[in-house]
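**Student:** dropping a prediction and its sequence here:
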Amino acid sequence: MNERIAQMSRTVYVNGAYLPEEEAKVSIFDRGFLFADGVYEVTSVIGGRLLDFHGHARRLERSLGELDMASPVTMDELLGIHRELVARNAVTEGMVYLQITRGAPGDRDFVFPDPETTPSTLVLFTQSKGLIDNKAAETGMKVISIDDIRWGRRDIKTVQLLYPSMGKMMAKAAGADDAWMVDDGMVTEGTSNNAYIVKDGKIITRNLGSEILHGITRAAVLKFAREAQMEVEERPFTIEEAKAAEEAFITSASAFVMPVVSIDGVSLGDGAPGPVARRLREIYIDESLKSAL
Ligand code: PMP
C-alpha cells in the first residue's frame, strides 16, 4: 500500500494548470533550460502549513526585481497555488518548490525577450519528506571547505546551481555531508545553507551582502536568538576560526537548524551537536509554526 502511494503521480503546477507530473511540459527553448535564466524558492511544510511564506515571497520579488523579470502572478495568487498543491498532494511534511524563468522565446538568443510577447514560465511542485525527525539533527553533519568560485550575485536566488551541486559531490567523495565555501579566506556559506559558528557562547555568521544568499531561515533564527537574549555577531570568519569554535551549525528552509560536528576532519568540541544549535533548532521549529499559513 505504501509503495503504491509512493508511486502515485503528483499534481504539479505549470503556467496556470494543475496537471499530473507526467503531463507537465516546458519548452526546450525555455531560458531556464538554456541559460539558467530563472529564480526559485523552497518553502517548507509542517502539519500541512507553510513556514514563513511571506519571507519567501518577499525574497522572490527581490530576486525577480534584480533580474528585471516579471512574475506572472501576484504573491497572493502564489500563496493560493502553494496551498492548493499542498492540499491536492496531501503533503503533511515536506517542501514546495517554485521556479520562475524568463520564458520560452522560441529560439536561442542571449538578448532578453520582450516580456510582452514572451511570458515568464511558472512551475511549482511538492516534495513529501520528514523534516522534524531528522537523524542528522541528532548526529550532526560533517563539512569540508572548498573554494567559492560562484558568480558575484549570490544574493539573487537563481537556478545556477551547478557549482553547489559539484560542492556536494566533493563533500560526498570526502566522506562528508556538505561543503562550506571560502572566498578571499572567509567562509561565505554552505552549498545550500547559511553557515554559523559559536564562540564564547556568541553566534557568529557572515553579514549580508552580495556574497551570500539572504536566508529566510537565517533571518528568522537570528531574530529568535536575539529575542532569547543570545548574543549574535554578523561578520565573516575563517575556516581556521571555525575549526577552533565551540560549535557550528547551518540553517536552511528544509534543514531548519542543523548542527555541524566536524570541519575538514577536525572535530568541534566533543564531536556531538552543541547546546546552542540544539536550542535554536527547537526554538525555530516552535516559533515558526506559530505563524505558519
Ligand atoms: N545559501 C544558499 C546558497 C542556499 O541555496 C540556501 C537555500 N536555498 C540558503 C543559503 C538558505 O536559505 P533559506 O534559509 O532561505 O532556505
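**Tutor:** In hand now; what should we look at? Numbering: from 1, shown residues only.

**Student:** C-alpha only now, for contacts and for neighbours.
**Tutor:** Fine.

**Student:** residues of the biggest helix by length in the chain that come out buried?
**Tutor:** Assignment by DSSP state H gives helix 275-290 as the longest helix of the chain. Of all the residues in helix 275-290, those buried under the rule 16 or more other CA atoms under 10 Å are 276, 277, 278, 280, 281, 283, 284, 285, 288, 289.

**Student:** next up, the contacts around the second one.
**Tutor:** If you count contacts by CA atoms under 8 Å, 6 or more residues apart in numbering, residue 277 has them with 247, 248, 249, 257, 258, 259.

**Student:** now with 6 Å, please.
**Tutor:** Applying CA atoms under 6 Å, 6 or more residues apart in numbering to residue 277 gives the contacts residue 259.

**Student:** against the ligand, how distant is it?
**Tutor:** 15 Å (CA to the nearest ligand atom, to the nearest Å).

**Student:** do the first one as well
**Tutor:** Distance of residue 276 to the ligand, computed by CA to the nearest ligand atom: 18 Å.

**Student:** next, count neighbours for residue 76.
**Tutor:** Number of residues near residue 76 (other CA atoms under 10 Å) recorded here: 11.

**Student:** can you tell me the element it falls in?
**Tutor:** helix 75-88 (DSSP states H and E).

**Student:** buried set for that helix?
**Tutor:** 75, 78, 81, 82, 83, 84, 85, 86.

**Student:** likewise for stretch 216-228?
**Tutor:** 216, 217, 218, 220, 221, 222, 224, 225.

**Student:** go on, stretch 25-32?
**Tutor:** 29, 30, 31, 32.

**Student:** tell me the average confidence for that stretch?
**Tutor:** Mean per-residue pLDDT for stretch 25-32: 98.

**Student:** hmm, who's touching that stretch?
**Tutor:** With CA under 6 Å, 6+ apart, stretch 25-32 has contacts from 37, 38, 101, 102, 103, 104, 106, 107.

**Student:** the third one contacts residue 120, correct?
**Tutor:** This points to residue 101. Yes. The criterion here is CA atoms under 6 Å, and residue 101 meets it with residue 120 at 5.5 Å.

**Student:** from the buried residues of helix 75-88, pick the one nearest residue 206.
**Tutor:** Comparing these against residue 206 with CA to CA places residue 75 closest, at 29.1 Å.

**Student:** for the closest one, give me its contacts.
**Tutor:** Taking CA under 6 Å, 6+ apart, one finds nothing in contact with residue 75.

**Student:** quick one: the helices in the stretch 1-150 of the chain?
**Tutor:** 2-7, 31-35, 53-66, 75-88, 135-139 (DSSP state H, counting those that start in this stretch).

**Student:** any idea which of those scores lowest on pLDDT?
**Tutor:** helix 2-7 (a mean of 51).

**Student:** before I go, just wanted to say thanks for your time.
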